[in-house]
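[1] the sequence and its predicted three-dimensional model are supplied below.
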Amino acid sequence: MVLDPIVALNSALPARPPADGPARRAGVVQALEIPAEGLRNVRFGWSMVTEATLSLWAAAGDDQAPWVRRWWSDVRGRLPPGRPRLLREIIGTGGYPPDFLLPVVAGGSTSLDEELHALVTTSTGSIRDDLTCAIADAKRTGRTGPALPLATRLLDARGEGAYLAALADELRTYWAAALAPYWDGLRADLELEFDHRARTLAADGVQTVIADMSRHLAWSGDTLLVDMPPRARLTANAGLWCVGSAFMGDRILLTSRPDDTVAIYFAVGAAGATSGRQPIRLISRDLTELLGATRAALLATLDIVHTTADLARRHNLSAATVSHHLGILHKAGLLHRRRDGKRVLYRRSPLGNALTRRKISQ
């Protein structure tokens, strides 16, 4: 069952609540109990299907971040009219996404094909229950929208398997139009976020790394307090999944899972690049002639933050070679760099952006 998300409380909450005994208004705290066994099994991950689901959820909300509004304005013109119908019915009505569209993948180490295969081969016994909950959530939140007529017709006429197959086809089409052009940047944000979480976990422990995920989380002893209306007793007996998403905004979403774990969905950003989520740009021949092929390729990649090691892997170069070229680009004022612990992070400067976005020759 999906529990309520929190949408930017308009109360005077501090930017980061204290670790214990935070000031909370009565009746808005969900208590998540995490016993010792659960704390020993805290894992981080993300999912391509989850990102597709949450991107549509963000687009349907009235609390969009500025970059989400820009992204959606660009994307919706590329979608076929009225599509994707099934996804809009269960995500875009103002309710909460059903569990089967919020998978968790350890480290995000799968492909879209693998995730869609897992979707269409999942047990269909709970699909009707999840869709019923989606309808109820939409009604409970007072949002107007269809009562899932297309889903109901498909389910009644052809069954859950046919419904999931049609949904998977929609997800594939939606992904190609809405997320594929942005995925390199989004994935880099997710990976950078989890690198940051791993360092925080090693340095400060599991409770700190969880509380640091959102201003809406704080510990009271062994109980995690979440700023959301309480609806059910929730215990992560077998572990906690921390699922990052670029589209969560100032929200928290919890799901209980059949394996007795709980998944908490949070917004990346504490360490993620605040990029414009722009599609990867082609490298112009003029830029290559001006800077050389290697430096032009590195500069084109640095519309989002990367480390030397990131760039070495992406471009199949040695770290020493990448470091040499980055030094030259930095001296020319085309890059910014900053230190994050033992790592140095690089990103294009405004001058570098201007150079990559204009045609040099006439």
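    It's in.

[2] low pLDDT regions in the stretch 1-150 of the chain?
    1-28, 63, 92-95, 107-109, 124-125, 133-150 (pLDDT under 70).

[3] assumed residue 251 was part of a helix.
    No: Residue 251 is assigned coil when assessed by DSSP: H, G, I helix; E, B strand; the rest coil, not a helix.

[4] surely it and residue 267 touch.
    Yes: the criterion here is Cβ atoms under 8 Å, and residue 251 meets it with residue 267 at 7.0 Å. The way it works is simple: take the backbone N, C-alpha and C, and place the C-beta from them, glycine included.

[5] tell me which of these two has more neighbours.
    Each of residue 251 and residue 267 has its neighbours counted (other Cβ atoms under 10 Å); residue 251 has more, 24 against 20.

[6] excluding chain neighbours, what is closest to residue 348?
    residue 302 (4.6 Å; Cβ to Cβ, 6 or more residues apart in numbering).

[7] just the pLDDT at that neighbour, thanks.
    Looking at residue 302, its pLDDT stands at 86.

[8] ramachandran angles for it?
    phi -90, psi 30 (degrees, to the nearest 10).

[9] can I assume it is in contact with residue 330?
    No: counting by Cβ under 8 Å, residue 302 does not reach residue 330; the two are 10.6 Å apart.

[10] ok, now which ones touch the residue nearest to residue 348?
    311, 335, 346-348, 352 (Cβ atoms under 8 Å, 6 or more residues apart in numbering).

[11] related to what we said a few turns ago, for residue 302 and residue 330, list the residues in contact with both.
    residue 346.

[12] do you know the pLDDT at the residue nearest the centre of the chain?
    What sits nearest the mean C-alpha location of the chain, by Cα atoms, centre = their mean, is residue 245, with 1.3 Å. pLDDT, residue 245: 91.

[13] before we move on, which element is the closest residue to residue 59 other than its chain neighbours in?
    The shortest distance from residue 59 to any residue other than its chain neighbours is 4.5 Å, reached at residue 72 (Cβ to Cβ, 6+ apart). Per DSSP states H and E: residue 72 is located in helix 66-75.

[14] just the buried residues of that helix, please?
    68, 71-72, 75 (16 or more other Cβ atoms under 10 Å).

[15] okay if I get those as JSON lines plus distance to residue 205?
    Listed next are the buried residues of helix 66-75 as JSON lines, based on distance: Cβ to Cβ, whole Å:
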{"residue": "68", "distance to residue 205": "33"}
{"residue": "71", "distance to residue 205": "35"}
{"residue": "72", "distance to residue 205": "38"}
{"residue": "75", "distance to residue 205": "40"}
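
[16] nearest to residue 315 among those?
    residue 71 (26.5 Å; Cβ to Cβ).

[17] hmm, residue 182 and the closest one touching each other?
    Yes: look at residue 71 against residue 182 with Cβ under 8 Å: they come within range, at 7.1 Å.

[18] show me the contacts for residue 260.
    236-238.

[19] re the thing from before, beyond the helix holding residue 72, next helix or strand please.
    helix 85-91.

[20] and that following helix, how far from the chain's centre?
    Centroid separation for helix 85-91 versus its chain: 19 Å, with Cα atoms, centre = their mean, to the nearest Å.

[21] can you give me the buried ones in that helix?
    With the criterion 16+ other Cβ under 10 Å, helix 85-91 contains buried residues 86-91.

[22] residue 194 against residue 244, yeah?
    Yes: using Cβ under 8 Å, residue 194 is in contact with residue 244, at 6.7 Å.

[23] sec struct for residue 225, please.
    Going by three-state DSSP: residue 225 is strand.

[24] show me where this structure has its strands.
    29-33, 42-45, 217-220, 223-227, 234-235, 240-245, 253-256, 262-267, 306-307, 335-340, 343-348 (DSSP state E).

[25] which sections of the stretch 201-350 of the chain are below the confidence cut-off?
    229, 231, 269-286.

[26] what's the burial count for residue 308?
    21.

[27] list the buried residues for stretch 47-57?
    The neighbour-count check on stretch 47-57 (16+ other Cβ under 10 Å) flags 47-57 as buried.

[28] mind listing what residue 334 touches?
    299, 348-349, 351-352, 355.

[29] residues contacting the closest residue in space to the residue nearest to the centre of the chain that isn't next to it in sequence?
    Closest residue in space to residue 245, ignoring its immediate chain neighbours: residue 54 at 4.8 Å, by Cβ to Cβ, 6+ apart. With contact set as Cβ under 8 Å, 6+ apart, residue 54 has these partners: 97, 102, 245, 247-248, 265.
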